[in-house]
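Asker: task: produce atomic coordinates for the following.
(one chain, ligands or ions: 1)
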Amino acid sequence: MKFPHNDIISLLDERLELNLAESTNRDLVLGEIWDEAFGAGLKALTLEYGTSQGSSLLRELIAKKLQVEKDQIVITNGSAFGIFLSMLCLCEIGDEVLTVQPNFPPTMDLITGLGFKRKLLKLSFEEAYRLDEGELFQSISERTKLIILVYPLNPTGTVHSLQKIERISNRLSTEYPDCKLLIDETYRESTYGKNRVIPTAAGIKDNIITIASLSKCHGTPGLRIGWLHSSDGNLIREIGIAKMNTVISNSVLDEYVAVQILRREPEIFQARRIHAQQGLELTKQWVEVNDPFIEWNEPLAGALCCIKLKENKFNLRQVDAFYQLAKQSGIQLANGEWFGESKRFFRLGFGYMEIDKLKQSLKRLTTILQETAAEKV
Ligand SMILES: Cc1ncc(COP(=O)(O)O)c(C=O)c1O
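Answerer: Numbering: from 1, shown residues only. Modelled structure (predicted):
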């Protein structure tokens, strides 16, 4: 098998009542954006093939938001397909792709799945998952054709500064001009309340590719719409050809809905950001109350964070018991091992569920922490 099994697949295939594992903001229901004009447009929609680069109108709206040219954008089937197309087009067998760990599992597994050499730079909880530029450059070689950084990082909500990305890009262009820097901005616009949205890296340097999607911040992962930006016209052409040779085009239905979502983006974001802020506040209080058992690094963006079960309270058998009891209580958790962390960590999504359900889940989890920490196994 080319791709290893990773239990993150259970997020798609098994859904427990209390879902603390999900990384998206609140799901959007079509009714939220439905009006007469929407319905009329839908009725008149011709179900033809889309274009290889993706809907012109959709690219125009994305280009406006990123302040780039629409011809520099390809619409992808989620960010996931942007990562796939970038690796496919930029690497040959024998080339290396470098990324960070912990990370979104498919990003790490795709490298070996496509037959390239995988290099992972371990980031640590103790250092708040900060990226050390010196260490990054020590891991790069002449065979490294693609570096993937995630901004903000899944599963931790860590954010690098744009200046750091710029410094890395500058140094790469002089020392490794054949290597591109892909910035995965899937969670960039998932912020809290009125916090400032972190700036995009799109268009700041020629060796940077950015990808993002409507999955997390807009709460529409089932739409499978994302985008890739590069100011390298040849790469954009190659990516369009690779897309045509794999999935032909995006679904025109998805693209139509995506346009309607982007037109209503301010309202969609406002509701989700207020909700995520409430979720974050509740999570903060919960972490404080449970200080004897757990610790964390507060996230800077993304409706997710990583929680660590303290070593002095949980041996590895107690960690297993914790997951088991959570599952029995109907709580879905994302095990740190899925992301290349230890199982002592779990990802907690605080922006997905309704607030009452989040409260209920955290309360149950407090009891589970107490019970498993007390259990001597
Ligand atoms: C960091 C990161 N990148 C990419 C993706 C893929 O998202 P999508 O293809 O739904 O846009 C995810 C999904 O969890 C993610 O966490």
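
Asker: quick one: distance of the host helix or strand of residue 146 to the chain centre.
Answerer: Element membership of residue 146, judged by DSSP states H and E, is strand 144-150. Remark: strand 144-150 is offset 15 Å from the chain centroid, using C-alpha atoms, centre = their mean, to the nearest Å.

Asker: show me which residues of this protein are close to the ligand?
Answerer: 23, 78-80, 104, 150, 154, 184, 186, 213, 215, 221, 226 (C-beta under 6 Å from any ligand atom). Glycine gets a C-beta too; all of them are placed from N, C-alpha and C.

Asker: select from these every entry located in strands.
Answerer: Among the residues of the chain next to the ligand, the members falling in strands (DSSP state E) are 150, 184, 213, 226.

Asker: show me the strands in the stretch 201-350 of the chain, by range?
Answerer: Along the stretch 201-350 of the chain, the segments classed as strands by DSSP state E, counting those that start in this stretch run 208-213, 226-230, 294-296, 304-309, 331-332, 334-335, 345-349.

Asker: for the last one, which helices and strands make contact with it?
Answerer: Judged by 3 or more C-beta pairs under 8 Å, 6 or more residues apart in numbering; DSSP states H and E, the packing partners of strand 345-349 are strand 304-309, strand 334-335.

Asker: only C-alpha atoms, please: export stretch 289-296 in CSV.
Answerer: Extracted in CSV, the C-alpha atoms of stretch 289-296 (Å, rounded to 0.1, in the frame of the first residue of the first chain):
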residue,chain,number,x,y,z
VAL,A,289,-9.3,24.2,36.2
ASN,A,290,-7.6,21.1,35.1
ASP,A,291,-4.0,22.4,35.6
PRO,A,292,-3.0,19.4,37.8
PHE,A,293,-3.6,17.1,34.8
ILE,A,294,-3.0,19.0,31.6
GLU,A,295,-1.0,21.7,29.9
TRP,A,296,-1.1,23.5,26.6
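
Asker: give me the contacts around that stretch.
Answerer: 287, 305-310, 313-314, 366, 369-370, 373 (C-beta atoms under 8 Å, 6 or more residues apart in numbering).

Asker: helices and strands around the strand holding residue 146, which ones?
Answerer: When contacts are defined as 3+ C-beta pairs under 8 Å, 6+ apart, strand 144-150 packs onto helix 78-90, strand 96-101, helix 162-175, strand 180-184.

Asker: in CSV, list the ones you listed along with distance to residue 297, mean neighbour count and mean pLDDT.
Answerer: Output for the helices and strands packed on strand 144-150, formatted as CSV (distance: least, C-beta to C-beta, whole Å; neighbours: other C-beta atoms under 10 Å; pLDDT from 0 to 100):
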stretch, distance to residue 297, mean neighbour count, mean pLDDT
helix 78-90, 23, 23, 98
strand 96-101, 15, 22, 98
helix 162-175, 17, 15, 98
strand 180-184, 19, 25, 98
